[in-house]
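S.K.: okay, structure incoming, though there's no sequence with it:
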């Protein structure tokens, strides 16, 4: 934890656990007899229950969206930029909930938790979740918390796609929907990047068919590579050039034979991969990227996105980031156009930035102002 | 070999070997006491010696640029599209030479050949070549073949960069220079992709610090991953969407729990990676990507590309491919602009295509017409 809590922070937060003792059925037919969801909340639910906002996290995110955990939590939650007193998602007015998705590795039931039926880690046997499963699971959590409607459901990247799925699957639950840096589905190129990441993990000798925990191993090489590939797709080419250029970490272009030249960008990627590989569960990475690949907002409507969105009742904010080449602005424009064709209320903005896909996580005055102004309409006035 | 040789083919070709018994010094200070270069030629050198064209290959290319080898060579050489009687690089008129770069794995001295000083495979001990080393090595080969000037030096991607280096390093040797899908140097993003590929190889337990041959192993997992990453950067997002879409190879989106969903694009990439991993040497992949990373056309002129090109005497053809995101059109435009600023003769074209970086290898009527018409000025009239 930071020695001093910065102004505008929600402060020290404590994750909570919700235990669900009724069976949960996945879209693919699998089921959990019971499960747990870990979540955080910021702010207070008002007596009318009309100020609850659900935050959906992205691929490697968690329930820890804002503030600091007690102890040695030196980094604030992943969306601390946006959540807190006086911030765009204003915890003075709003009750904010963020849960770790089912199948993830930060406390909710997932591959690295114990399968109650066997007493051993789930490992490679945890069911493959899809985005609509996470939505149903979060609906259970909402009811568990005494919430009957979300003033807003919001997120970036996979989290934004989950917010859109919420608006489609439970239209009367979602008053506002915010989808940042999202897409209605993955392209072949997107899937290919995910496949390379999975292939890196699955070809690691320490993978053990997903049962590495039982084998006392960790496929850290594969996970590090997967993260390096992923991370590369989150940054823009121009942003990388500005940040790293062609600078060597040390030495020159003419070292002794076979000495290791290391460019700054290589050193950075290796560090990112290495750090992630000991923190993130390999099975979860496989399940999450699969869930992304399988996500298809218009899938149940034969590819007709307008039809898929026709029953939604939410007012939408859709935003893209100019240098995002993972889910480029055009993908957000597809969502905007379908919403307009379906007669929905939608605000769309393209944020000029060199931050690439990571744009929704990073400071940018235009982005923060947009979010701030748009969020004023969310919750009781 | 094809049962019937197609019209316009150079036919059956036999690789030749040139043995150099004088020491070769690399830019980085290392040296070979002797070495061999494998090469192919198509057409005949005329008595005036003014019809010789040098083809430089790209990262995973070889000396086998056109025609078929005897035996079971079912695929024509990598640039068979462009080289042959009546083709853009017309072997009725021109004498075409293509050599395997030093450090590669198709017959020239490299990591998978025997180090004469030790009697063992070079493995991880082969010196790191740079593009200017390959140029000097090819100059030795030219002299060995009785050639004193190239009517043209040409290539795509790394091969195009090598052609540009030729025009700078030996200006009076290069009458025409063709650089396709090239760049004056790599960006941080380019380097990052190469770093991921190398990291995949170097973290393979069968890498053995590069001495896998001595250990009786092959880091095929790492090389397959490296190739998957590379291959992905050669294709355009739109080209992949058109070719693969979101089609599953088989099955549906709701198979049984934990069944393996495989999209067409995944199956394709795995096949590409797997095939390459048994055909291409891992050390060579590391050396070649390093040579790319270190390539900096303006490096000896403090980043001033115009100054770097000022002594060139060649007439230039620079072409880019609209959907190439590895070396996008803007990189070719940088070269064109520097050539114009240096007062050189340059033709520039951007070919409209969905083929991405691979555009220079694939059929496209505009591209083939451009190359055909421009090549008419090369060699004796």
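M.R.: Looks like it arrived, so ask away. Only a predicted model underlies this, so the values are computations on that prediction, with no experimental measurement involved.
S.K.: run through the residues that contact the closest residue to residue A:62 other than its chain neighbours.
M.R.: Excluding the flanking residues, the one nearest residue A:62 by C-beta to C-beta, 6 or more residues apart in numbering or on different chains is residue A:106, at 3.9 Å. Quick note: C-beta positions are derived from backbone N, CA and C, even for glycine. Taking C-beta atoms under 8 Å, 6 or more residues apart in numbering or on different chains, we find residue A:106 in contact with A:38, A:62-64, A:100.
S.K.: report the contact partners of the residue positioned nearest the centre of chain A.
M.R.: Residue closest to the average C-alpha location in chain A (C-alpha atoms, centre = their mean): residue A:58, at 0.8 Å. With contact taken as C-beta under 8 Å, 6+ apart, residue A:58 is in contact with A:155-159.
S.K.: ok, it to residue B:115 distance?
M.R.: Going from residue A:58 to residue B:115 by C-beta to C-beta, to the nearest Å gives 50 Å.
S.K.: point out where chain A drops to low pLDDT.
M.R.: The model of chain A has pLDDT under 70 over residues A:1-3, A:249-261.
S.K.: all helices for it, in order.
M.R.: Using DSSP state H, the helices of chain A run over A:131-144, A:158-169, A:188-202, A:220-234, A:237-244, A:264-277, A:282-294, A:305-309, A:329-341, A:365-375.
S.K.: counting contacts, what elements does the third one pack onto?
M.R.: If contacts are counted by 3 or more C-beta pairs under 8 Å, 6 or more residues apart in numbering or on different chains; DSSP states H and E, helix A:188-202 sits against helix A:220-234, helix A:282-294, helix B:220-234, helix B:237-244, helix B:264-279.
S.K.: list the contacts of the residue nearest to residue A:240 when sequence neighbours are not counted.
M.R.: Excluding the flanking residues, the one nearest residue A:240 by C-beta to C-beta, 6+ apart is residue B:188, at 3.9 Å. If you count contacts by C-beta under 8 Å, 6+ apart, residue B:188 has them with A:237, A:240-241, A:243-246, A:263-265.
S.K.: mind redoing it with 10 Å?
M.R.: Residues near residue B:188 by C-beta atoms under 10 Å, 6 or more residues apart in numbering or on different chains: A:235, A:237-247, A:263-266, A:268-269, B:195.
S.K.: how close does the nearest residue to residue A:22 once chain neighbours are set aside get to residue A:146?
M.R.: With sequence-adjacent residues excluded and distances taken as C-beta to C-beta, 6+ apart, residue A:22 is closest to residue A:34, at 7.6 Å. Separation of residue A:34 from residue A:146 (C-beta to C-beta) stands at 21 Å.
S.K.: same question, residue A:169
M.R.: For residue A:169 relative to residue A:146 (C-beta to C-beta), the value is 21 Å.
S.K.: TSV for the helices and strands packed on helix A:188-202, including distance to residue A:303 and mean neighbour count?
M.R.: Supplementary listing: the helices and strands packed on helix A:188-202 in TSV, determined by distance: least, C-beta to C-beta, whole Å; neighbours: other C-beta atoms under 10 Å in any protein chain shown:
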stretch	distance to residue A:303	mean neighbour count
helix A:220-234	25	25
helix A:282-294	15	24
helix B:220-234	25	25
helix B:237-244	13	18
helix B:264-279	17	18
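S.K.: for those helices, please prepare JSON lines with the additional fields distance to residue B:329.
M.R.: Below are the helices and strands packed on helix A:188-202 laid out as JSON lines (distance: least, C-beta to C-beta, whole Å):
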{"stretch": "helix A:220-234", "distance to residue B:329": "21"}
{"stretch": "helix A:282-294", "distance to residue B:329": "30"}
{"stretch": "helix B:220-234", "distance to residue B:329": "16"}
{"stretch": "helix B:237-244", "distance to residue B:329": "15"}
{"stretch": "helix B:264-279", "distance to residue B:329": "25"}
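S.K.: out of those, which gets nearest to residue A:124?
M.R.: helix A:282-294 (6.0 Å; C-beta to C-beta).
S.K.: so what secondary structure elements neighbour the closest one?
M.R.: Counting contacts by 3 or more C-beta pairs under 10 Å, 6 or more residues apart in numbering or on different chains; DSSP states H and E, helix A:282-294 packs against helix A:131-144, helix A:158-169, helix A:188-202, helix A:220-234.
S.K.: next one: the second one to chain centre, how far?
M.R.: With C-alpha atoms, centre = their mean, to the nearest Å as the basis, helix A:158-169 stands 11 Å off its chain's centre.
S.K.: same thing with the third one?
M.R.: Between the centre of helix A:188-202 and the centre of its chain there are 18 Å (C-alpha atoms, centre = their mean).
S.K.: return the distance of the closest residue to residue A:185 other than its chain neighbours relative to residue A:311.
M.R.: Excluding the flanking residues, the one nearest residue A:185 by C-beta to C-beta, 6+ apart is residue A:296, at 4.4 Å. In this view, residue A:296 and residue A:311 are 17 Å apart by C-beta to C-beta.
S.K.: who has more neighbours, the two?
M.R.: residue A:296 (19 against 12; other C-beta atoms under 10 Å in any protein chain shown).
S.K.: where's residue A:186 relative to chain B, distance?
M.R.: Residue A:186 sits 7 Å away from chain B, going by C-beta to the nearest C-beta, to the nearest Å.
S.K.: tell me which residues touch that residue, please.
M.R.: With C-beta under 10 Å, 6+ apart, residue A:186 has these contacts: A:161, A:192-194, A:289, A:292-296, A:326-327, A:331, B:246, B:263.
S.K.: repeat for residue A:379
M.R.: A:43, A:46, A:48, A:50-53, A:89-90, A:93-95, A:151-152, A:175-176.
S.K.: could you flag which of those residues are buried?
M.R.: Neighbour-count burial (16 or more other C-beta atoms under 10 Å in any protein chain shown) is assigned, among the contacts of residue A:379, to A:43, A:50-53, A:89-90, A:93-95, A:151-152, A:175-176.
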